[in-house]
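J.: let's see this in three dimensions:
(chains A and B)
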Amino acid sequence: MTADPRFRVPLLFLSALAVHLALIPVLRVGGVAPDVMLLLAVAGGLVGGPVRGAVLGFTAGIAVDVFLRTPMGLSALVFTLVGYTVGIVSTGVLTPSWYLPILTASLASAAGVVLYAFVGAMLGQPMVSRRLVTIVGVVAVGNALLAFPVIRVVTWAMGADTGLVSDIRGRRARADWR
Amino acid sequence: MLLVLTSVTAITLDFRDDGQGVMESMRSGARDAFAPVQAAVGKVFSPVGDFFGGITRFRKVKAENSRLRRDLEAAQGEAIRGADAIQENQLLNALARLDFAGDLRGITARVVSNSPSNFQLTVTVDRGSDEGVTTGMPVVTPAGLVGRISEVSRNRSTVLLLTDPASSVGVRLAGSREIGSVTGSGRRDLLPLSLISVETKVAEGEAVVTSGLEGGLFPPHIPVGRVRGAKITPGQLEQEVTIEPVVDLDRLELVRILIWQPTPSP
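T.: Numbers count the residues shown, from 1 in each chain, chains lettered A, B, ... in the order given. Below you'll find the model as predicted:
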């Protein structure tokens, strides 16, 4: 874990994309898989705040869009908004707790999926159906389960010490010191 | 002295008979009589012999053991590969002789990945424009319809599965000959069949095949599914018919891309 910080984020992207493209489609529940790239945007917001979250979200979204038939930029738009919003919300939290990042990842992922479906529907994609409920549920639960390791990896990649996660780590460190 | 003489006599007799006289008859009889006993004793003592042999030839036995293990593993692997090859060969043969495809030529392709999106039901196959694949071509298995080619690159093509919400297939009920439309619902197990009049008698299990109407996206007679259920709601002009795809879209391995293009409607 001593790689040059300049290479960490690209490395993170390539790894996350590889997992998203190769592994996740196999791990489906009810035909639906967790969304690692959306989770990356959420983790970016949690770890780095709104601006970094938005940048990470945009990059993750564009990377996903390349592999889909959906309009190019749809994922980028949604993931940018998700990363930014999570960043805003997380910096405003006054009393962080251990479960908050996981809860945030779950809720933000669910909101991201709904936003994606509705923006997609506005762009003529048949995305809003009864199946959306299943997709939202599986992504929310799956991303919550993956949240902890992904946040850890994003924290390492960004070399970040800001935002909700570092706040929690700081509080834990202070408690240990006492 | 007597025993020595007896011995010398026996040797002399044996030499004189040249292996065919009394001495040989005695030997043969004794061997036959003793054979069962020899076998039984051999069986009883063989583990002991093996044990001692194992001690004295431990390294050799160990080496032989690991060689045999390797051979066994290789043989098991070969057997699995053989069984897999037989299965694949059967599948390839079936793909080469598609009854419903008639004279249509095709390109056999392997499914290499599933869609990374939760909103799109697609698979990627290992054949592209270099092999003559173009968008719109139907994709089938020996069981029936899989979908159609939606994107093509040089070495890869994306197949839009018939269960994708963007997919629509013109179909015909095999029994009543009624024409309808199957639209993807996002679910892989059930598909809604629309445009079926309430007056049409729809039987459960009835076959559904592509209609092949002019301007349609698929050639005729490709099996699509079987009717799972039909419901008539009072006041509606159409029945709510659901069909089950004949192809298991979760376990696609080898498919055939039919060289066919939809004819533009006049």
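
J.: every contact and neighbour count from this point should use C-alpha atoms.
T.: Noted.

J.: where in chain A is the helix or strand with the lowest mean pLDDT?
T.: Within chain A, no helix or strand scores below helix A:163-177, which has a mean of 48 by mean pLDDT, DSSP states H and E.

J.: so the residue nearest the centre of chain B: helix, strand or coil?
T.: For chain B, B:Q87 is the residue whose C-alpha lies nearest the centre (C-alpha atoms, centre = their mean; 3.0 Å). Taken by DSSP: H, G, I helix; E, B strand; the rest coil, the conformation at B:Q87 corresponds to helix.

J.: any idea how far it is from B:A94?
T.: Separation of B:Q87 from B:A94 (C-alpha to C-alpha, to the nearest Å): 11 Å.

J.: let me see the contact set for the nearest residue to A:L145 once chain neighbours are set aside.
T.: Nearest residue to A:L145, sequence neighbours excluded (C-alpha to C-alpha, 6 or more residues apart in numbering or on different chains): A:I102, at 7.7 Å. If a contact means C-alpha atoms under 8 Å, 6 or more residues apart in numbering or on different chains, then A:I102 has A:144-145, A:147-148 as its contacts.

J.: again with B:L161
T.: B:121-123, B:146-148, B:167, B:249.

J.: among the residues you listed, which ones are in strands?
T.: Judged by DSSP state E, strands contain the following of the contacts of B:L161: B:122-123, B:146-148.

J.: want to throw those into CSV with pLDDT, distance to chain A and neighbour count?
T.: As requested, the ones in strands among the contacts of B:L161 are exported to CSV (pLDDT from 0 to 100; distance: C-alpha to the nearest C-alpha, whole Å; neighbours: other C-alpha atoms under 10 Å in any protein chain shown):
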residue, pLDDT, distance to chain A, neighbour count
B:T122, 89, 10, 27
B:V123, 90, 10, 22
B:V146, 94, 16, 29
B:G147, 94, 15, 29
B:R148, 93, 14, 26
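
J.: pLDDT of the helix or strand hosting B:K60, averaged?
T.: Per DSSP states H and E: B:K60 is located in helix B:58-96. Helix B:58-96 shows a mean pLDDT of 79.

J.: do the same with stretch A:29-48
T.: 89.

J.: ok, the closest residue to B:F218 other than its chain neighbours - contacts?
T.: Computed as C-alpha to C-alpha, 6+ apart, the closest residue to B:F218 that is not its neighbour in sequence is B:G212, at 5.8 Å. For B:G212, the contact set (C-alpha under 8 Å, 6+ apart) comprises B:170-171, B:218-221.

J.: now do the same for B:G212: helix, strand or coil?
T.: coil.

J.: report pLDDT for A:G83.
T.: So A:G83 comes in at 94 (pLDDT).

J.: that one: which element?
T.: helix A:74-91.

J.: that helix near chain B at all?
T.: No - figure legend: helix A:74-91 not in contact with chain B (C-alpha under 8 Å from any C-alpha of the partner chain); closest approach 10.5 Å.

J.: so who does B:E253 touch?
T.: Per C-alpha under 8 Å, 6+ apart, neighbours of B:E253: B:110-111.

J.: with B:L217 instead?
T.: B:136, B:138, B:169-170, B:261-262.

J.: repeat that with 7 Å
T.: Residues near B:L217 by C-alpha atoms under 7 Å, 6 or more residues apart in numbering or on different chains: B:P262.

J.: before we move on, what about the one 5 residues further on?
T.: For B:I222, the contacting residues are B:100, B:144-145, B:209-210, by C-alpha under 7 Å, 6+ apart.

J.: per-residue pLDDT of the residue nearest to A:G120 when sequence neighbours are not counted, please?
T.: The shortest distance from A:G120 to any non-neighbouring residue, by C-alpha to C-alpha, 6+ apart, is to A:M127 (6.4 Å). A:M127 is assigned 82 on the pLDDT scale.

J.: so A:A147 is in which element?
T.: Using DSSP H and E, A:A147 falls in helix A:131-158.

J.: in that helix, what's buried?
T.: Using 16 or more other C-alpha atoms under 10 Å in any protein chain shown as the test for burial, helix A:131-158 gives A:131-132, A:134-144, A:146-147, A:150-151, A:153-158.

J.: return only those of those found close to chain B.
T.: A:131, A:135 (C-alpha under 7 Å from any C-alpha of the partner chain).

J.: up against chain A, what does the stretch 151-266 of chain B have?
T.: Residues of the stretch 151-266 of chain B lying near chain A (C-alpha under 7 Å from any C-alpha): B:165-166, B:186.

J.: can I get those residues in TSV with distance to B:L104?
T.: Listed next are those as TSV, based on distance: C-alpha to C-alpha, whole Å:
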residue	distance to B:L104
B:P165	27
B:A166	26
B:G186	29
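
J.: most neighbours among the residues you listed, which one is it?
T.: B:G186 (26 neighbours; other C-alpha atoms under 10 Å in any protein chain shown).

J.: pull the contacting residues for the residue nearest to B:V125 when sequence neighbours are not counted.
T.: Spatially, and ignoring its direct neighbours in sequence, B:V125 is nearest to B:V111 (4.3 Å; C-alpha to C-alpha, 6+ apart). For B:V111, the contact set (C-alpha under 7 Å, 6+ apart) comprises B:123-126, B:252-254.

J.: so which of those residues belong to helices?
T.: Applying DSSP state H to the contacts of B:V111, no entry is found in helices.

J.: what subset of the residues you listed is buried?
T.: B:123-126, B:252, B:254.

J.: now, the most widely separated pair of these?
T.: Across the buried ones among the contacts of B:V111, the longest distance by C-alpha to C-alpha is 12.9 Å; it joins B:D126 and B:L252.

J.: buried ones in stretch B:195-212, by neighbour count?
T.: B:196-198, B:202, B:206-212.

J.: kindly check the end-to-end length of that stretch for me.
T.: 16 Å.
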